[in-house]
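Visitor: Quick one: sequence and predicted model below, then my questions.
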Amino acid sequence: MKRKIYMTAGYNTVSMGTGRKEFNPKKDRPGLEYYISEAGKGVLNQIGGAEKVDESFIGNFMAARFNKQGHIGGFAGMIDPGLEYKPAMRVEGACSSGGLALVSGIRSVLAETADVVLALGVEVQNTVKAIYGADILAGAGWFQKRKNSHAYFFPGQNSDRAGAYYEKYGYDYTRKGMGKWFCNDMENARLDPNAQEFHNTTPDLEALYHGMKPNGKSFVDHLNVLDCSKVSDGASGIAIVSEEGLKRIGVDKKDAVEIVGWAQLTRNITNDPPEPLELTTIKKTAAKALENAGISIDQVATIELHDCFSIVGVLGVEALGLAEPGKGAGFIAEGNTSRTGKIPMNTTGGLIGWGHPTGATGVHQAVTIWQQLTGKAGATQLNITAEKPYGLTINMGGDDVTVVAIVYKRGE
Amino acid sequence: MNYDERLKHVSVLGAAGKMGSGILLLTAVEMADISLKPENKGKTFVLNAIDLSDDGLAGLMDYLRVQVQKIAEKKAVMLRQLYADRTDLIENFDIIEQYVNDVLRIVRPTTAIETSYRSNLVFEAVSENKDLKVKILKQIDTNNPNQPWFFTNTSSVPIHLIEDEAGLKGRVLGFHFYNPPAIQKLVELIVTAYTLPEATQFANSYAKALRKVVVPSNDFAGFIGNGHFMRDALHGINQAIELSKTIPLTEAIYKVNKVSQDFLVRPMGIFQLVDYVGIDVVQFIMKVMNPFMVNEDLHSDLLDKMMELGVKGGQLSSGAQKDGFLKYEKGAPVAVFDIKQGDYVAFDSFSAKSDEQLGALPQNFKPWKAAVRIANNETHFTPYFAELKAMDSEGAKLAIRYGKRSDAIGRQLVSDKVANNEQDVNTVMLTGFFHAYGPINSFFE
Ligand SMILES: NC(=O)c1ccc[n+]([C@@H]2O[C@H](COP(=O)([O-])OP(=O)(O)OC[C@H]3O[C@@H](n4cnc5c(N)ncnc54)[C@H](O)[C@@H]3O)[C@@H](O)[C@H]2O)c1
C-alpha cells in the first residue's frame, strides 16, 4: 500500500434490544441521534477532539425506513461542531455498511485526502416489530424477488442454505456445529458489558439450543430464533489514520492496529448465490485480503466473522479455508472456534451474542479486533502471540453480496 | 349446510360487551379465513355485530382493528401463502394490512336486531337475564326463515329453559366462553336433551378451529365452572365470617384471602377473585343458580351488604381492577373494606399480626407462578401438602379445610351429574381458572 494505515480509538455503545435487562419494547428509547452522538464522541475523546478529524463516514443501512430518516451524513456536525463544514457522508451496503465506512476511510487516507477519518456505523432497529423489520431488512436482497420469498426474508434464505447442508451432510451433525456456534457466541457475549446478551444467565445453553426445534409454521423450516442474529440498536466508531495522523492525534502505534491488507468485492444482487453451500463472495474477498496482506489464514490469531446466522458461521469457516466443504460444522463442534480453540472467533459474541445493529456491525468488528490486538479487550482478552499476530474481519451485506475483509496487526 | 355455509351469515348479540367483543373477534377471524379459501372466492360472508350501545360498537371496531392486526402479525408466515396470487401485495406490511381489511369488511356493527333475521348462526352474549335472552332469541327465530342455530354464552341459566321458553327445540346449545374469550382457552359446551347432533358437531369443529379446549358440561345451572367457583367462594366468605367471631371481619377476610392464595397456591386469593369477576356478577349468578339447588343455599348476606353499599369490584374498560372487598394499587391488593366504617383499612396496619397468627408457609413452598410451570407438578404438590398437613398453624388448618371443601365440591359436581367425570372438573379449573392442580386430588385426605 502507498501509505501505512492505522485504526485506533474504537468505541461501542451498548447493543440494545431483547436480552438487555434495561430493554423494554413498550417504553421510549434513545434514537439515532443518541447513538451517533455517543459513538462519535467516544472516538473523539480518545483522539483529542473533532479539530483533529479531516472527514467522516457513517455506515447505515436503512434509517430511511427504520427511523424515517435519510441524509445521515448531516449528523456528523451534530456530534461536535468541529466536524461541521468538513466532508461527511453516509455509505450503504446493507449489513456491510459499517465495513464500507471503514473502506471509505481507508481509501481516503490512501488517496491522501485525509489523515484522520472518523468512521462510524449506526442502526436503530427496534422501532418496528420484527415482522415489519423483516420487510425493511429484505431491502438487502433484490426487491423483485420479495413477493415469492419468506415472511422472514433473510432467515428464509439462510434456512434454505441450512436445509441444503442438513441434506448433504446430515441434520444432527450440522445442528451440533450450529449449536456450538451459538453457545460460543453467548459465552463470549457474557464477557462484554456492551453485548446484548451480556445479561444472559441460561445455565445450559446446549440444552436450550437443542431443545428448540425449527418450526416452519411460525418461523422458518430449518432455523430457530437462536440461530439468528439479534435485532439491535447501537453504534460503533473508530478512527482511521495515517502515520502523520497518529502523530496529530497523539496516539502511540502500540495502541493502534495497522491495516495490512483489505479487499471489498460485490456480486450481482439479481442472481441467486452460485452455490447454496458456498459463500463465494466471502471466499474470494477473504482470499484477496490475505493475499494483499501477504499472509496465510494460519497466521491469524482471531477472526470476527459476520454470523448473521449460525449456518453462516459454518459456511464461513469453510469459505475461509479453515475446513473442507462439509467439515465446517465438525470444525466448530470440536471447539476450534471457541475462545480457547485453535482460532477463536467473535470473541465479544458476534452478531448472535453481541448484537447486530446492521449498519454498525462492520465497525464493531474492527473495534473488537483493535481491542484484542492492543490488549484492551478486558474480560474478553485473548493471548495474542508473536507467531500468530493477525486479526481478520469479514463483514457481509445481503446474502453474500457485498463483502469487506480486512487484515489487522498491532502497530509497531 | 356444511361448516363453511353455516358461517356465511352470523350474528353476535351483545357484541360490544366483555364477552361479545371477544366472540366477535374470534368469529370474524375464523370467517375471514374461510372466506379466503379458494373455493369460497366471490362469496360474501357477513358477521353482524349487534348491540344496543352505539358507543360500545364504536369502541368495538377500534378494539377489533388492534386485535386483528396483532393476530395477522403472528400468522404472517401463513398469510403470505394465502395471498400468494395477489401480485400487488409484496411486503408483510401490505399483506397484514390486506388481511385486517378482509376481516373487518365482514363485520357489520349495528343496533338493528333485524339484521340477524338472515343469519344461520347466532351467538348470544347479552346481559345475564333469562327473560331478555328468551325474548330476543324468540323474536329472531320467529322472523328468521333459516332455522338458525343459537349458541348462548349464558353463565348460569339452564339451556333447556331457554330452549323451551323461546321455542328453539334442538337448535340451541350452551357455548360458554371464559373471560376474555380471545385469551382463555376453555369453552364449556352444554347441550340439551334435544340439541341436534349436527349442531354439537359443528360446535366442536368451531371450537377446534379457534383452538379451544372443550369440556362438555351437563345442563345444570352454573355448569361446571360456576358450579365450582360459586360454592368455593361461598366457603371462603363463610369461613371469614366464622373467623370474625373472634377477630375483626377485615382481618378475617385478609386471612382467608391469603390462605386461599399462598397456602393453597392459587393465582389469586378468593376475595380477589370475587372482586375480579365482580361482586355484582357473583351475587347475580348465585341468585340465578340458587332456585335450582337441592338442600343447598347458594347465597351470601355479605355479598348483598357489599352491593347495598355500592362496592362492586369488576373491571374498568381499561382492564384495571376496581375496588371491591379489597382495594388495589397497580393491580395488587393493599387494603380491605370495612363494612362498619364504610372505608378501606390498609393491610399494613394489621397484616404483620395476622401473618404471625397464620404461621409460616411450608419449607418447600413455591408461589403459584413457579408451581404452574413445573411439568409434572404432582411431585411438587404431594410433599408440599403433606408438609402442610403436618403443621399445626392456623394457616395450615384453614388451608387443609379449604382444600377438602374444594375437593368435595368437585366430587359433588360429578355425583350430581353436572360433570361427566372428575377429569372434566379438573380441566375446567386448571384451564378456566388457571389453578395449578385440579380440585379433585388426594392431597388433603
Ligand atoms: N363476564 C364474564 O366473565 C362472563 C364469562 C362467561 C360468560 N358470561 C356471560 O356472557 C354474557 C354477557 O356477559 P358480559 O360480561 O359480556 O356482559 P356485558 O354487560 O359486558 O355485555 C352485554 C352486552 O349486551 C348488550 N345488550 C344488552 N341487551 C341487549 C339487547 N337486547 N340487544 C343487543 N345487545 C344487548 C349490552 O349493551 C352489552 O354491550 C352473559 O350471559 C354472561 O353471563 C360472562
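Guide: In hand now; what should we look at?
Visitor: could you list every residue that touches the residue in the stretch 151-300 of chain A that the ligand sits nearest to?
Guide: Taking CB to the nearest ligand atom, the ligand has its nearest neighbour within the stretch 151-300 of chain A at A:Ser218, 29.4 Å off. C-betas here are computed from N, CA, C, even on glycine. Contacts of A:Ser218 were listed using CB atoms under 8 Å, 6 or more residues apart in numbering or on different chains, and they are B:Lys74, B:Val77.
Visitor: That one in helix, strand or coil?
Guide: Following DSSP: H, G, I helix; E, B strand; the rest coil, we place A:Ser218 in the coil state.
Visitor: List the buried residues in stretch A:249-269.
Guide: A:249, A:251, A:253, A:255-267, A:269 (16 or more other CB atoms under 10 Å in any protein chain shown).
Visitor: Same question for stretch B:344-351.
Guide: By neighbour count with 16+ other CB under 10 Å, stretch B:344-351 contains the buried residues B:Tyr344, B:Val345, B:Phe347, B:Phe350, B:Ser351.
Visitor: nearest to B:Ala193, of the residues you listed?
Guide: Nearest to B:Ala193 among the buried residues of stretch B:344-351 is B:Tyr344, at 48.9 Å by CB to CB.
Visitor: Tell me if I am right that the closest one is in a strand.
Guide: Yes: according to three-state DSSP, B:Tyr344 belongs to a strand.
Visitor: Assign the residue lying closest to B:Ile409 once chain neighbours are set aside to helix, strand or coil.
Guide: Excluding its sequence neighbours, the residue lying closest to B:Ile409 (CB to CB, 6 or more residues apart in numbering or on different chains) is B:Arg231, at 4.6 Å. Following three-state DSSP, B:Arg231 is assigned to helix.
Visitor: Would you quantify the distance from B:Arg231 to A:Gly163?
Guide: 56 Å (CB to CB, to the nearest Å).
Visitor: what are the ranges of the strands in the chain?
Guide: You didn't pick a chain, so chain A it is. A:6-12, A:55-59, A:88-91, A:116-124, A:233-241, A:257-266, A:300-305, A:390-397, A:402-410 (DSSP state E).
Visitor: not quite, I wanted chain B
Guide: B:9-13, B:46-50, B:107-110, B:121-124, B:149-152, B:172-177, B:186-190, B:213-217, B:326-329, B:332-338, B:343-346.
Visitor: tell me the mean pLDDT over the second one?
Guide: The average pLDDT within strand B:46-50 is 98.
Visitor: what domains does the record give for chain B?
Guide: Domain ranges of chain B: B:3-216, B:224-432, per automatic domain parsing.
Visitor: Number of residues surrounding the closest residue to the ligand within chain A?
Guide: Nearest to the ligand, among the residues of chain A, is A:Lys26, at 26.6 Å (CB to the nearest ligand atom). A:Lys26 has 4 neighbours, counted by other CB atoms under 10 Å in any protein chain shown.
Visitor: Kindly report the same for A:Arg339.
Guide: If we define neighbours as other CB under 10 Å, then A:Arg339 has 17 of them.
Visitor: That one touches A:Gly349, doesn't it?
Guide: No: using CB atoms under 8 Å, A:Arg339 is not in contact with A:Gly349, being 10.6 Å away.
Visitor: Mutual contacts of those two, please.
Guide: Each of A:Asn188 lies in contact with both A:Arg339 and A:Gly349 under the rule CB under 8 Å, 6+ apart.
Visitor: Quickly note the distance from the closest residue to chain B within the stretch 151-300 of chain A to B:Ala84.
Guide: Chain B sits closest to A:Ala151 of the stretch 151-300 of chain A, with a gap of 4.4 Å, by CB to the nearest CB. As for A:Ala151, its distance to B:Ala84 is 12 Å (criterion: CB to CB).
Visitor: Can you pick out the residue with more neighbours from the two?
Guide: Neighbours per residue (other CB under 10 Å) separate A:Ala151 from B:Ala84, with A:Ala151 holding more: 24 against 12.
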